[in-house]
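S.K.: following is a predicted model, sequence given first.
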Amino acid sequence: MFKNKAQNGRNNACGIKLAEIRKAQKPYMSQRILAEKLQLIGIDVDKNAVQRMESGQRFITDIEIIAICKTFHITPNELFDTE
């Protein structure tokens, strides 16, 4: 049976990088601030959803990935860069 999880058990491939990018922002960007920025562009997430994305407990839709990339002014390739 097919499972929609990575081998490490995470529900997404970019949550760890998302947390790294968010924490590297100057000034510091909290999960709540990220959620608010995403809400301003029409993505209905809250601080808890961002936390679940970063921890790998939540899937991230393609629409959310595009919005995240717009928020940080990065490309999807940069978000999925795991090295």
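M.R.: That came in fine, so what should we check first?
S.K.: show me what contacts the most centrally placed residue in the chain?
M.R.: A centroid search over the chain (C-alpha atoms, centre = their mean) returns residue 18, at 4.6 Å, as the residue closest to the centre. Listed by C-beta atoms under 8 Å, 6 or more residues apart in numbering, the contact partners of residue 18 are 53, 54, 60, 68, 79. Just so you know, the C-beta spots here come from the backbone N, C-alpha and C atoms, and that holds for glycine as well.
S.K.: now for the host helix or strand of the first one, which elements pack on it?
M.R.: According to DSSP states H and E, residue 53 maps onto helix 47-55. Counting contacts by 3 or more C-beta pairs under 8 Å, 6 or more residues apart in numbering; DSSP states H and E, the secondary-structure elements packed against helix 47-55 are helix 15-23, helix 31-40.
S.K.: again, 10 Å this time
M.R.: The contact analysis (3 or more C-beta pairs under 10 Å, 6 or more residues apart in numbering; DSSP states H and E) places helix 47-55 against helix 15-23, helix 31-40, helix 62-72.
S.K.: please compute how far the shortest one lies from its chain's middle.
M.R.: Translated: helix 15-23. How far helix 15-23 lies from its chain's middle: 7 Å, per C-alpha atoms, centre = their mean, to the nearest Å.
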